[in-house]
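Student: Dropping the sequence and predicted coords here.
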Amino acid sequence: MRVADLLTASLLMLLSAIVMYDALLLGAGWSGDGPESGFFPFWLAALLAVVSFVLFVQAWRSWSKQPFVSREQSVLVLKVLWPLVGFVLLTDPPGPWSGLGLYVAGAVYLGFYMRWVGRHDWRTVVALATVVPVITFLIFETWFLVPMPKGPIEAWFGY
Amino acid sequence: MGLENLFLGFQVAVTPFNLLIAVVGILLGTVIGVLPGLGGANGVAILLPLTFTMPPTSAIILLTCIYWGALFGGAITSVLFNIPGEPWSVATTFDGYPLAKDGQSGQALTAAFTSSFVGAFFSIVLITLFAPLLAEVALKFGPPEFFAIQLLTFSSFVGLGGGNPLKSLATILIGFILSTVGLDIVTGQLRLTFGFTDLMKGFDFIVAVIGLFGIGEILLSVEEGLRFQGAKTDMNMRVVLDTWKVLPRYYRTFVRSSIIGFWMGFKPGGATPASFMSYAFAKRFSKNPERFGKGELEGVVAPETAAHAAGVAAMLPMITLGIPGSPTAAVMLGGLIIWGLQPGPMLFVDNPDFVWGLIASMYTGNVIGVLIVLAFVPFFAAILRIPFAILTPLIVVICAIGSYAVHNSMIDIWYMVIFGVVGYVFKKLDYPLAPLVLALVLGDMAENALRQSLIMSQGSLAIFLTRPISGVITAVAIFFFVMPLLTPCWRKLRGQPQGKAASVES
């Protein structure tokens, strides 16, 4: 906990330094007709710098031996986190490549996760991974007209 | 005057379409409240894009009903599974779960729902009476007064929030800083974009809510292992009626908790302390305090009444001042802006049908809500028996849809992931998330109020203290800000024992 607290406080100090730098470039003072653009961010960041410095000192003087996460916990958290990132990448990766779209990526993600973590049998996996995206597609795309990122398969169906 | 307007409101709220919307909202909300990783705030945030095409009144009825439903849903998980979905249902688990283990889950749930209803109803009546008065006063407010109210809002997080006040202050500042990213509408300059076009749009608070509360919560809950163990329910009509016969005995607790809830609730972050405070009071005034924590019905009644009274009261500053009292109210405020309404006191003048429709729908929504949850508890409880490996990806996909729908942009899904990780780390380190979201929502308004005030005063901060109304509010705000410095010992005595009890129980 102590290390995580120190790190967070340091990152916050870094953040406030960046914000203050940007605010000073814009001008953080008083122009003819009111405060300049950088005025509000500058003083926010200045205050944050002070607060995070005190938080740093507080963390430095604490003696918490409790770890931020145990080994088993971090494994569990990562097991959720990396498929999640994979799902977003599959949907539409940054850069020039086009993705599978949210529904197909969602189906792959749901199926993979159910099989890998839940060890559900293949029939349930395939059934749910098809039905759920189709239902969400119907709700969002056709009923409420909220467009989602779509890929080649939706295009093949004419969407 | 008030009654006439309320009647007008009921004409809006009691149309077949709006009643149907209310039922759908309550059902969705309760499901959202029961599901881990989805709470009132991010449930409302995810579904907000669905309301873009609706008439504003129906849209707000849907969102508020989701909110009431989520509040009811929180009670189900607290009692049956010992999982407080929201911080303010922690106190409900103290006696609710022992009762459920004792085979009296039906009584506990009936008591919880009924108390929620009573607390909510009390607050709604007070809102009906006070909202127009407060709005009238607020019409005379200028920028300094609004900025002072913002100060008061955030000072109450620092002064009354519990935990480390500096961490509350830090998250408030982070929220405000994030709100300044992008185009400065007053000067037309770009702030904190560093040449990246993606940063020009700034950070949308809806995405922040979904990431911080949704994804962050999922990451946090998997740490504890992936099982939910719950008690069975034995809800039927007889249990409900039998419990209703017993409940009037606790009328003192109902009244006391409702007042505590309303009083704490219209200030931000008030629901959690309200629920603990009313639990503590109920225990102190009880004839058999030793039964508390082992399955005393009154121990369910007290926190539930207060939490719901507070949850409803959080709507009061939102509709009258345009300043939300809770993250969920903040999301609704964002909704108002998207639907083209100007939040704040002018709503009562410009859109009376909207405001009074909303207030009337609070009555109908809560009546519908308590009936639905009483009838369908086993169904809602069954949701938590869905295997974790199905629920998690499902919730993640829904969160991603909600984030994308805000601006139809992929970058928002990435922000959601980042906010999720930040939310997880912050929660573990006890950095409160609600102030961050509120600051992100109110950032533009606060900055404009500050700018206009400073222009009025030629750059002197004294303007906040010299004008009578803003002077009083600012003074109170300053008092709250320095309170943690003045009375650290007193705070420990008041806040800590409850917190300890909470961690022991869970």
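Tutor: Ah, there it is.

Student: Any buried residues in the host helix or strand of residue B:470, and which?
Tutor: Per DSSP states H and E, residue B:470 falls inside helix B:468-486. By neighbour count on 16 or more other Cβ atoms under 10 Å in any protein chain shown, the buried set for helix B:468-486 is B:469-471, B:473-474, B:476-478, B:480-481, B:483-484. Backbone N, C-alpha and C define where each C-beta goes, glycine included.

Student: just stretch B:327-338 next, same as before
Tutor: The neighbour-count check on stretch B:327-338 (16+ other Cβ under 10 Å) flags B:327-336, B:338 as buried.

Student: is it up against chain A anywhere?
Tutor: No. Judged by Cβ under 8 Å from any Cβ of the partner chain, stretch B:327-338 makes no contact with chain A; its nearest approach is 13.2 Å.

Student: Send over that stretch as CSV, restricted to the C-alpha atoms.
Tutor: Provided in CSV are the C-alpha atoms of stretch B:327-338 (Å, rounded to 0.1, in the frame of the first residue of the first chain):
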residue,chain,number,x,y,z
PRO,B,327,-23.0,11.0,-9.0
THR,B,328,-26.3,9.6,-10.3
ALA,B,329,-27.9,13.0,-10.1
ALA,B,330,-24.8,14.3,-11.9
VAL,B,331,-25.4,12.0,-14.8
MET,B,332,-29.0,13.1,-15.0
LEU,B,333,-27.9,16.7,-15.0
GLY,B,334,-25.7,15.8,-18.0
GLY,B,335,-28.8,14.3,-19.5
LEU,B,336,-30.8,17.6,-19.1
ILE,B,337,-28.1,19.4,-21.0
ILE,B,338,-28.1,16.9,-23.8
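
Student: In three-state terms, how would the residue of chain A at minimum distance from chain B be classified?
Tutor: The nearest approach of chain A to chain B comes at residue A:118, 2.5 Å away (Cβ to the nearest Cβ). Under DSSP: H, G, I helix; E, B strand; the rest coil, the three-state class of residue A:118 is coil.

Student: what does residue B:460 give?
Tutor: coil.

Student: count of residues packed around residue 5?
Tutor: Chain wasn't specified; assuming chain A. Residues near residue A:5, counting by other Cβ atoms under 10 Å in any protein chain shown, number 23.

Student: look at chain B instead
Tutor: There are 19 residues near residue B:5, going by other Cβ under 10 Å.

Student: tell me the contacts of it?
Tutor: Taking Cβ atoms under 8 Å, 6 or more residues apart in numbering or on different chains as the contact definition, residue B:5 lies against B:132, B:352, B:356.

Student: biggest helix in chain B, by residue count?
Tutor: helix B:105-139 (DSSP state H).

Student: Okay, buried residues for that helix please.
Tutor: Using 16+ other Cβ under 10 Å as the test for burial, helix B:105-139 gives B:105-124, B:126-128, B:130-132, B:134-135, B:138.

Student: cool, and stretch B:195-207?
Tutor: Within stretch B:195-207, the residues scored as buried using 16+ other Cβ under 10 Å are B:199, B:202-207.

Student: Next: stretch A:124-142.
Tutor: When burial is assessed from 16+ other Cβ under 10 Å, stretch A:124-142 yields the following buried residues: A:125, A:128-129, A:132-133, A:136-137, A:140-141.

Student: Quick one: check that stretch for contact with chain B.
Tutor: Yes. Applying Cβ under 8 Å from any Cβ, one finds stretch A:124-142 in contact with chain B at A:128, A:132, A:136, A:140.

Student: export the buried residues of helix B:468-486 to JSON lines and tack on pLDDT and distance to chain A?
Tutor: Shown next, in JSON lines, are the buried residues of helix B:468-486 (pLDDT from 0 to 100; distance: Cβ to the nearest Cβ, whole Å):
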{"residue": "B:469", "pLDDT": "88", "distance to chain A": "23"}
{"residue": "B:470", "pLDDT": "90", "distance to chain A": "18"}
{"residue": "B:471", "pLDDT": "91", "distance to chain A": "21"}
{"residue": "B:473", "pLDDT": "89", "distance to chain A": "20"}
{"residue": "B:474", "pLDDT": "92", "distance to chain A": "16"}
{"residue": "B:476", "pLDDT": "89", "distance to chain A": "20"}
{"residue": "B:477", "pLDDT": "89", "distance to chain A": "15"}
{"residue": "B:478", "pLDDT": "90", "distance to chain A": "14"}
{"residue": "B:480", "pLDDT": "85", "distance to chain A": "16"}
{"residue": "B:481", "pLDDT": "88", "distance to chain A": "11"}
{"residue": "B:483", "pLDDT": "81", "distance to chain A": "16"}
{"residue": "B:484", "pLDDT": "79", "distance to chain A": "12"}
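
Student: Could you give the number of residues near the closest residue to residue B:478 other than its chain neighbours?
Tutor: In space, and not counting its chain neighbours, residue B:478 is closest to residue B:155: 7.3 Å by Cβ to Cβ, 6 or more residues apart in numbering or on different chains. Neighbourhood size, residue B:155 [other Cβ under 10 Å]: 27.

Student: Helices of chain A, residue ranges please.
Tutor: A:2-26, A:39-61, A:71-91, A:102-116, A:122-136, A:152-156.

Student: can you count the residues close to residue B:10?
Tutor: Counted with other Cβ under 10 Å, the neighbours of residue B:10 add up to 17.

Student: just the one 5 residues further on next, same as before
Tutor: Residues lying near residue B:15 (other Cβ under 10 Å) number 14.

Student: For residue B:96, give its distance to chain A.
Tutor: 27 Å (Cβ to the nearest Cβ, to the nearest Å).

Student: which residues touch that residue?
Tutor: Listed by Cβ under 8 Å, 6+ apart, the contact set of residue B:96 reads B:75, B:78-79, B:108, B:112, B:299-300.

Student: per-residue confidence for the residue sitting furthest away from the middle of chain A?
Tutor: Distance from the centre of chain A peaks at residue A:32, with 40.7 Å (Cα atoms, centre = their mean). Residue A:32 carries a pLDDT value of 75.

Student: Now it. Its backbone dihedrals?
Tutor: Backbone dihedrals for residue A:32, given as degrees, to the nearest 10, come out at phi -50, psi -40.

Student: is stretch A:48-57 anywhere near chain B?
Tutor: Yes. Stretch A:48-57 is in contact with chain B by Cβ under 8 Å from any Cβ, via A:48, A:51-52, A:54-55.

Student: can you redo these as JSON lines with distance to residue B:369?
Tutor: What follows is the residues of stretch A:48-57 next to chain B, written out as JSON lines (distance: Cβ to Cβ, whole Å):
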{"residue": "A:48", "distance to residue B:369": "41"}
{"residue": "A:51", "distance to residue B:369": "41"}
{"residue": "A:52", "distance to residue B:369": "42"}
{"residue": "A:54", "distance to residue B:369": "44"}
{"residue": "A:55", "distance to residue B:369": "41"}
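
Student: Show me how far the helix holding residue B:470 is from its chain's centre.
Tutor: Centroid displacement of helix B:468-486 relative to its chain, using Cα atoms, centre = their mean, to the nearest Å, is 24 Å.

Student: Send me that helix as PDB with only the CA atoms.
Tutor: Taking C-alpha atoms only, helix B:468-486 is exported to PDB below (Å, rounded to 0.1, in the frame of the first residue of the first chain):
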ATOM      1  CA  PRO B 468     -24.500  38.700   1.800                       C
ATOM      2  CA  ILE B 469     -25.800  35.300   0.400                       C
ATOM      3  CA  SER B 470     -22.500  34.200  -1.100                       C
ATOM      4  CA  GLY B 471     -20.700  35.400   1.900                       C
ATOM      5  CA  VAL B 472     -22.600  33.100   4.200                       C
ATOM      6  CA  ILE B 473     -22.300  30.100   1.900                       C
ATOM      7  CA  THR B 474     -18.600  30.700   1.300                       C
ATOM      8  CA  ALA B 475     -18.000  31.000   5.100                       C
ATOM      9  CA  VAL B 476     -19.800  27.600   5.700                       C
ATOM     10  CA  ALA B 477     -17.800  26.100   2.800                       C
ATOM     11  CA  ILE B 478     -14.500  27.400   4.300                       C
ATOM     12  CA  PHE B 479     -15.600  26.000   7.600                       C
ATOM     13  CA  PHE B 480     -16.100  22.500   6.100                       C
ATOM     14  CA  PHE B 481     -12.800  22.700   4.200                       C
ATOM     15  CA  VAL B 482     -10.800  23.400   7.400                       C
ATOM     16  CA  MET B 483     -12.900  21.200   9.600                       C
ATOM     17  CA  PRO B 484     -10.600  18.200   9.200                       C
ATOM     18  CA  LEU B 485      -7.700  20.300  10.300                       C
ATOM     19  CA  LEU B 486      -9.400  21.700  13.400                       C
END
